[in-house]
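J.: Turn this into a structure:
(one chain, ligands or ions: 1)
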Amino acid sequence: MWSDLPLFPERASSVAGHVDALYFFLVGVTAFFSILIFALVFYFALRCRRRSENERPAEIAGSMALELLWTFVPLVLTMVMFVWGAAIYFRNARPPAGTMEIYVVGKQWMWKLQHPEGNREINELHVPVGVPIKLVMTSEDVIHSFYIPAFRIKQDVLPGRYTSTWFEATKPGKYHLFCAEYCGNHHSGMIGSVVVMEKQDYENWLGGGASPESMTSSGQSLFERLGCANCHRTDDTGRGPTLIGVFGKQVTLESGQTVTADESYLRESIVNPRAKIVLGYKPLMPTFQGQVGEEQILQLLAYIKSLKKAERTATQ
Ligand code: CUA
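T.: Residues are numbered from 1 along each chain as shown. Alright, predicted model coming up:
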């Protein structure tokens, strides 16, 4: 009903309606109490004004009923805001299973994106409508923030680690993409667009032009070129642990600690391998910091993610 308000960006993702509903609730509560307070201020100012020079008001001892009222009404309202806000936050933080992943690298001053099939884009993102898409994001330099107003999503993009968010576009069209974190001189120029297409059009778009190498196979050739396979074998006989099926698993470290082998852990193991040594292995691995850029690390990750147990025989 509010979608044609000129102040509002279009609503084009599955979460947009939920975000707007909470927003209107917050605005409504705020407006109601602001008006109530101002009305009461004026009303009491008039009603309780001093009418003569020696007028003394009666002393007031307090009121338990009033105390309870203005404790519980705000408590209930803030709990509603908290639970409602948390529900939307968790929904945005947890992509549904089987989400398509797109990799995002921010740098001064552009967005570089890569699709799993290998297609690369700069400042433009093509996505199919009705498909949940997870963005795995990092930065080459400073903090940026990936913001698509029409989807009501905004997520900081940080150097040295991965952040993610997801969306499901509901309407084909072209939407604004902004950087929402001041990141230097041309921050305001770090903009682009998201093009939401019908599934068939997206397939055609993916297939158009020279067909690029998929992220997984770019990652695989990089893995071979850097000599990773010399130590990370398909079984546990190498100098390093096998990477087959490692993604998402719990890994036990020398210290006895266990960590989840997620994107950030794998990235750290590539650029700073001594930070966390897997139990039973020696700190032999050299750092690859400076030898591989963020985009290449993402390709290596795509390859490592593709190494499933079942493919043990197929991979080497
Ligand atoms: Cu990137 Cu502001």
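J.: Skip the chain neighbours and tell me the closest residue to K171.
T.: Spatial nearest neighbour of K171, chain neighbours left out: A12 (4.5 Å); criterion: CB to CB, 6 or more residues apart in numbering. Heads up, the C-betas are built off the backbone N, CA and C, glycines and all.
J.: okay, that neighbour: pLDDT?
T.: Note for A12: predicted pLDDT of 89.
J.: likewise E311?
T.: You'll see E311 listed with a pLDDT of 49.
J.: Am I right that the residue nearest to K171 is in contact with T170?
T.: Yes. Applying CB atoms under 8 Å, one finds A12 in contact with T170, separated by 5.8 Å.
J.: Give me the more crowded residue out of these two.
T.: Ranked by neighbour count (other CB atoms under 10 Å), A12 and T170 place A12 first, with 23 against 18.
J.: Give me the longest helix you can find in the chain.
T.: Scanning the chain for the longest helix, with DSSP state H as the assignment, gives helix 16-47.
J.: can you pull the buried residues of it?
T.: 16, 18-20, 22 (16 or more other CB atoms under 10 Å).
J.: again with stretch 121-136
T.: Under the neighbour-count criterion of 16+ other CB under 10 Å, stretch 121-136 has 121, 125-129, 132-136 buried.
J.: Grab the two from those residues that are most spread out in space.
T.: V129 and V136 (20.9 Å; CB to CB).
J.: now the helices for the protein?
T.: 16-47, 64-93, 199-207, 215-225, 263-271, 294-306, 312-315.
J.: one step back: which residues does the residue nearest to K171 contact?
T.: 150-151, 169-171, 173, 175, 196 (CB atoms under 8 Å, 6 or more residues apart in numbering).
J.: And those, which of them are buried?
T.: Buried subset of those (neighbour count, 16+ other CB under 10 Å): 150-151, 169-170, 175, 196.
J.: Need the max-distance pair from the residues you listed.
T.: Largest separation among the buried ones among the contacts of A12 by CB to CB: T170 and Y175, giving 11.3 Å.
J.: Pull the number of nearby residues for the closest residue to the ligand within the stretch 201-316 of the chain.
T.: The ligand sits closest to E294 of the stretch 201-316 of the chain, with a gap of 14.4 Å, by CB to the nearest ligand atom. When counting by other CB under 10 Å, one arrives at 23 neighbours for E294.
J.: swap in R120?
T.: 12.
J.: can you tell me how far it sits from the ligand?
T.: Remark: distance between R120 and the ligand (CB to the nearest ligand atom, to the nearest Å) = 19 Å.
J.: my guess is that residue contacts M110, does it?
T.: No. Here R120 does not reach M110: they are 11.9 Å apart, not a contact under CB under 8 Å.
J.: buried ones in stretch 194-212?
T.: For stretch 194-212, by 16+ other CB under 10 Å, it's 194-197, 202, 205-206.
J.: same deal with stretch 300-308?
T.: Using 16+ other CB under 10 Å as the test for burial, stretch 300-308 gives 300-307.
J.: can you tell me how far the closest residue to the ligand within the stretch 1-150 of the chain sits from L177?
T.: At 3.4 Å from the ligand, H144 is the closest residue in the stretch 1-150 of the chain, using CB to the nearest ligand atom. Distance of H144 to L177, given as CB to CB, to the nearest Å: 11 Å.
J.: Likewise for L298?
T.: Distance from L298 to L177, by CB to CB: 19 Å.
J.: out of those two, which sits in the busier spot?
T.: Neighbours of L298 and L177, each counted by other CB under 10 Å, are more numerous for L298; the result is 26 against 23.
J.: For the more buried one, which residues are in contact?
T.: If you count contacts by CB under 8 Å, 6+ apart, L298 has them with 103, 105, 114, 136, 138, 215.
J.: 10 Å instead?
T.: 101, 103-105, 112, 114, 136-138, 162, 215, 218-219, 263, 267, 292 (CB atoms under 10 Å, 6 or more residues apart in numbering).
J.: residues in the stretch 1-150 of the chain within reach of the ligand, list them.
T.: 106, 109, 144 (CB under 6 Å from any ligand atom).
J.: Could you tell me which of those residues are located in strands?
T.: Using DSSP state E, 106, 144 are the members of these that sit in strands.
J.: ok, and the most crowded of the residues of the stretch 1-150 of the chain next to the ligand?
T.: When those are compared by neighbour count (other CB under 10 Å), H144 ends up highest, at 32 neighbours.
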